[in-house]
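Trainee: Here's my sequence, what's the structure:
(one chain, ligands or ions: 1)
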Amino acid sequence: MKNSVKNIVILISGGGSNMAAIVRTAQQENWQQRYGARVVAVVSNKPEAAGLAFAREQGIAAEALDHKGFASREAFDAELATLIDRHEPALVVLAGFMRILTPGFVERYAGRLINIHPSLLPAFTGLHTHQRAIDAGCKVAGVTVHQVTAELDVGPILDQAVVPVLPGDTADALAARVLTQEHVIYPRAVRALVQRL
Ligand code: GAR
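Mentor: The predicted structure follows:
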């Protein structure tokens, strides 16, 4: 039955390690049989994104839609939505998708669009979160999974994880520590959602 299938579409821009963590967890925990949920497509706005090869190896439809070929943000988002909608998604997961989305796109997927952001929101929206946390003297940093609303990196928080900021930390060292926690909480947050769908 079409309606009982909870299709997940994941958008990436780069390495796709969060996407891979979700795909692996879905396989290991057999989300398809348990929740009727499966990752059906991975889409990147960067054709060279390494994550696309991983997705293909897993037998998942992997498609690139290069934003550079579009005259406006609206035109890109419209084509992206057309591509996504072919997969009839119950959930659209932004996993390191480094594009600001238009209000129309966000509205189209309202309630079924989520993002992971490498800070303890509402602190440090935007870019360079790790360096900014270090510069501010934060003793802890972390990661947030949240629902996407029209405003960037603002939206109901679904899950968070905290890591320490250690003396002498560089942004790269902190990012790596945070990323290990991203791989824990993003599959957990997606699982919690598909269980409820
Ligand atoms: C992750 O750290 C994610 O939190 C961040 O990009 C990285 C993608 O890594 N996202 C943002 O900064 C969104 N504003 P990945 O491609 O290996 O999953």
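Trainee: okay, CA-based contacts and neighbour counts for the rest of this
Mentor: Noted.
Trainee: Glu88 contacts Asn7, correct?
Mentor: Yes - between Glu88 and Asn7 there is a contact at 6.5 Å, judged by CA atoms under 8 Å.
Trainee: neighbour count winner among these two?
Mentor: Asn7 (22 against 17; other CA atoms under 10 Å).
Trainee: show me the contacts for the closest residue in space to the more buried one that isn't next to it in sequence.
Mentor: Leaving aside its sequence neighbours, Asn7 sits nearest to Pro89 (CA to CA, 6 or more residues apart in numbering; 4.7 Å). Pro89 makes contact with 6-9, according to CA atoms under 8 Å, 6 or more residues apart in numbering.
Trainee: hmm, which two among the residues you listed are most spread apart?
Mentor: Using CA to CA, the pair of the contacts of Pro89 lying farthest apart is Lys6 and Val9, separated by 9.9 Å.
Trainee: Going by neighbour count, list what's buried in whichever helix in the chain runs longest.
Mentor: Longest helix in the chain by number of residues (criterion: DSSP state H): helix 171-196. If you call a residue buried by 16 or more other CA atoms under 10 Å, then helix 171-196 has these buried ones: 171, 174-175, 177-179, 181-191, 194.
Trainee: repeat for stretch 127-142
Mentor: 129-131, 133-134, 141-142.
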